[in-house]
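Visitor: I'll drop the sequence and a predicted model, then ask my questions.
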Amino acid sequence: MNSQEIKALTGQYILNTYGRFPVALDHGQGATLYDPEGKAYIDFASGIGVASLGYGDGDWVKAITDQAGKLGHSSNLFYTEPPAKLAEILCQRTGMAGVFFANGGGEANEGMIKLARKYSFDKYGTGRATIITLNNSFHGRTITTLTATGQEVFHNYFFPFTEGFRYADANDMASLEAAAGDDVCAVMVELVQGEGGVLPLDRDYVQALSKLCAERDWLLLVDEVQTGVGRTGRLFAFQHYGILPDVCSFAKGIAGGLPMSGIMANAKCREVLGPGMHATTFGGNPVCAAAGLVVQEKLSDAFLAQVEQKGAYLRQKIEELDLPCFGATRGLGLMIGIAVNDGWTNKDIAGKLIENGLLVLTAGPGMRLLPPLVISQAEMDQGLAVMKQVLG
Ligand SMILES: *Cc1c(COP(=O)(O)O)cnc(C)c1O
């Protein structure tokens, strides 16, 4: 099928829930994608922070193919090797104590919320189930994670929403205290707010938050769905902040493009969920876990240091371009936000860049770049050249 046919068929048969750019993608190599007609696109998006190893990685393809040929699914009524090995690596590299595998970010966050409420119920009984989240956050699209999302635009249409969430301003301990109360069991944050606009939390704030949570026996829940698995130049963003969450979630980049997510609990929270209390049919699928193992092999400390360097390089070069539509950059590693100046809109800028062969994302009112972690120097420079040519 050509691009036109794919777009037409999609419009006819797929529910119209996405605002798509007018591009069909067919195949890719490294951080370069191609449409069915062979037009190339430099990828500064990796899906939405998912294709961390880019496209066509030989080891990733082989691991998936081999595992699919061996055993594609087993259910969680039986044991398989790949998810057990992946969980071992995740715990050893983070200091967390146990993993539950799921399939998407919102679903992982649901598990984290359930764990927090169960922890509190076990210890304190009912009436202590409120979770404080931050204004401008994003935690998913299920009914509960929509409520957890601290943006009013998401609290619409689908009433009634799940109860038990209050909101505080990021980087503001006074605002957190104002939201506190005897009914609180946890605080949930993204360390770099992704969808909200690539806004990193302050280190002092995160450390004070972690201390307060420990004092009040509130669980500190960190949503690493976007920041996790190497995106920020550490395996998990909490490793930049010198804290260990009680529970953290991960998803997007965990399996380099296959659907997989999960939560990791620390030693204190490891036994909160017992048999029959939480489950998901596809969780820990051996093919996805085999892909996740390849991602972990690639994400050595040296590789993660390169992620930080690439992020610094891109930010510096973008600032040097001094484009009229762009203000300052911000972010952590290869999670980059760019402010958009008055008079321009991020969607228009994204549309122009994409039309000219550079895939980018928006977040909040600004631009967001999440290139594959393996992006090459040449691909970064090609992408920057498109920016200069289109926006200069
Ligand atoms: C993408 C995202 C989610 C939702 O993940 P899905 O896989 O779309 O359910 C949740 N939290 C954060 C921080 C995200 O970036």
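Guide: Cool, the structure landed. Numbering: from 1, shown residues only.
Visitor: what pLDDT does the closest residue in space to residue 259 that isn't next to it in sequence get?
Guide: Spatially, and ignoring its direct neighbours in sequence, residue 259 is nearest to residue 103 (5.2 Å; Cβ to Cβ, 6 or more residues apart in numbering). Where C-beta positions appear, they are placed from N, C-alpha and C, glycine not excepted. Looking at residue 103, its pLDDT reads 98.
Visitor: do the same with residue 136
Guide: Predicted confidence (pLDDT) for residue 136: 98.
Visitor: doesn't residue 170 make contact with it?
Guide: Yes: counting by Cβ atoms under 8 Å, residue 170 is a contact partner of residue 136 at 6.5 Å.
Visitor: joint contacts of these two?
Guide: With contacts taken as Cβ atoms under 8 Å, 6 or more residues apart in numbering, the residues that reach both residue 136 and residue 170 are 193, 199.
Visitor: tell me, how many neighbours does residue 85 end up with?
Guide: Under the neighbour criterion other Cβ atoms under 10 Å, residue 85 is assigned a count of 15.
Visitor: Leaving out chain neighbours, which residue sits closest to residue 282?
Guide: Spatial nearest neighbour of residue 282, excluding adjacent residues (Cβ to Cβ, 6+ apart): residue 103 at 5.2 Å.
Visitor: Which residues are in contact with that neighbour?
Guide: Residue 103 touches 259-261, 280, 282-283, counting by Cβ under 8 Å, 6+ apart.
Visitor: same thing but 10 Å
Guide: 251, 258-262, 280-285, 288 (Cβ atoms under 10 Å, 6 or more residues apart in numbering).
Visitor: before we move on, what about residue 331?
Guide: Counting by Cβ under 10 Å, 6+ apart, residue 331 has contacts 192, 194, 198-200, 231-232, 311-312, 314-315, 337-338, 368-370.
Visitor: Out of the residues you listed, the closest to residue 177 would be?
Guide: Of all the contacts of residue 331, residue 177 sits closest to residue 199, with 20.9 Å by Cβ to Cβ.
Visitor: So in terms of bridging, what pairs with the closest one?
Guide: residue 193 (DSSP bridges).
Visitor: Can you give me the neighbour number for it?
Guide: Neighbour count of residue 199, defined by other Cβ under 10 Å: 21.
Visitor: okay but it is in contact with residue 169, surely?
Guide: No: using Cβ atoms under 10 Å, residue 199 and residue 169 do not qualify as a contacting pair, with a distance of 11.5 Å.
Visitor: joint contacts of the two?
Guide: Counting by Cβ under 10 Å, 6+ apart, the residues touching both residue 199 and residue 169 are 134, 136.
Visitor: got the contact list for whichever residue of the stretch 101-250 of the chain sits closest to the ligand?
Guide: Nearest residue of the stretch 101-250 of the chain to the ligand (Cβ to the nearest ligand atom) works out as residue 105 at 2.2 Å. By Cβ under 10 Å, 6+ apart, the contact list for residue 105 reads 48, 138-142, 145, 194, 223-226, 228, 249-252, 254, 261.
Visitor: Among the residues you listed, which ones are in helices?
Guide: Mapping the contacts of residue 105 onto helices (DSSP state H) picks out 48, 145.
Visitor: which among the contacts of residue 105 end up buried?
Guide: Among the contacts of residue 105, those buried by neighbour count (16 or more other Cβ atoms under 10 Å) are 48, 138-140, 142, 145, 194, 223-226, 228, 249-252, 254, 261.
Visitor: just the residues you listed that are near the ligand?
Guide: 138-140, 194, 223, 225-226, 251-252 (Cβ under 6 Å from any ligand atom).
Visitor: and those residues, which two are the farthest apart?
Guide: Checking those with Cβ to Cβ, the most distant pair is 139 and 252, at 13.2 Å.
Visitor: Perfect, that will be all.
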